[in-house]
Each structure stands twice: as structure tokens, then as C-alpha cells.
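Colleague: Structure for this input, please:
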Amino acid sequence: MNITPKDVQHVAKLARLNLTPEEEQMFTGQLNAILQYAEKLNELDTEGVQPTTHVLDLSNVMREDEVRESLPIEKVLLNAPDEEDGQFKVPAVLE
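Modeller: So this is what the prediction gives:
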């Protein structure tokens with residue numbers, strides 16, 4: 001598959017870009033080079049290669065959940081700009 005200047009013009013129009021003829025030629029060449037590289041990758045024998053979501057073998061780095069006591073309500077409300085009846089008081093968002 002080859003990208004033509006008409007394809008570049010179409011994409012530029014969708015992206016609301018005004019390209020000069022020189023830019024259209026440059027992007028046509030660059031996009032064709034990318035597609036040629038992708039075609040090279042299609043030639044690789046990937047039979048028996050397991051699909052991966054990441055290059056490195058990662059494991060969950062989060063700590064285990066553990067039950068702990070919550071902060072006392074008085075300490076939490078110290079950061080509140082305003083409070084009422086033990087709850088954060090915020091401006092109304094609905095009338």
C-alpha cells in the first residue's frame with residue numbers, strides 16, 4: 001500500500017491543516033517510509049511467539065491491601081475549608 005499526495009491532502013483536511021505542496025511531498029515520503037518498515041516487520045516469523053502487552057516482565061508493585069483504622073473524623077476535618085455536622089461543607093452545585 002502506498003500513500004499518495006491525495007491521501008495526505010485528505011488527512012490534512014480532516015485535521016484542519018493547511019499544508020504547502022512541499023510539506024505534502026515530505027509527509028507522503030515519510031508516511032510511505034513508515035509503511036515500508038511495517039511491511040518488513042510483517043516478514044518476521046512470529047510463529048510460537050507469545051503476545052505480550054509490555055516488553056519487560058512486570059508484576060504488580062502495589063502493596064497488599066490491609067485493614068487499618070481510619071483517621072479520626074476530627075483530624076480529617078482539620079483540612080476542610082468548612083464543615084457541618086461532621087461532614088465537608090461545599091457550595092451547592094444544583095439549584
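Colleague: Spell out the residue ranges of the helices in this structure.
Modeller: 5-14, 21-42, 73-76 (DSSP state H).
Colleague: Just want the angle from the second one to helix 5-14.
Modeller: What separates the directions of helix 21-42 and helix 5-14 is an angle of 110 degrees, with axes from the mean of the first three to the mean of the last three CA atoms, to 10 degrees.
Colleague: name the helices or strands packed onto helix 21-42?
Modeller: In terms of contacts (3 or more CB pairs under 8 Å, 6 or more residues apart in numbering; DSSP states H and E), helix 21-42 is packed against helix 5-14. C-beta here means a position set from N, CA and C on the backbone, and glycine is covered the same way.
Colleague: so what does the helix it packs on touch, helix or strand wise?
Modeller: helix 21-42.
Colleague: May I see the helices of the chain organised as CSV, with mean neighbour count, mean pLDDT and distance to Val90 added?
Modeller: Output for those, formatted as CSV (neighbours: other CB atoms under 10 Å; pLDDT from 0 to 100; distance: least, CB to CB, whole Å):
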stretch, mean neighbour count, mean pLDDT, distance to Val90
helix 5-14, 14, 96, 42
helix 21-42, 12, 94, 50
helix 73-76, 10, 90, 15
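Colleague: Counting neighbours, what do you get for the closest residue to Ala80 other than its chain neighbours?
Modeller: Distance criterion CB to CB, 6 or more residues apart in numbering; nearest residue to Ala80, sequence neighbours excluded, is Phe88 at 4.9 Å. By other CB atoms under 10 Å, 12 other residues sit near Phe88.
Colleague: now for the helices of the chain, which one comes closest to Glu66?
Modeller: helix 73-76 (19.8 Å; CB to CB).
Colleague: how near is the residue nearest to Ala80 to Asn79?
Modeller: 9 Å (CB to CB, to the nearest Å).
Colleague: got it, and Asn42?
Modeller: 56 Å.
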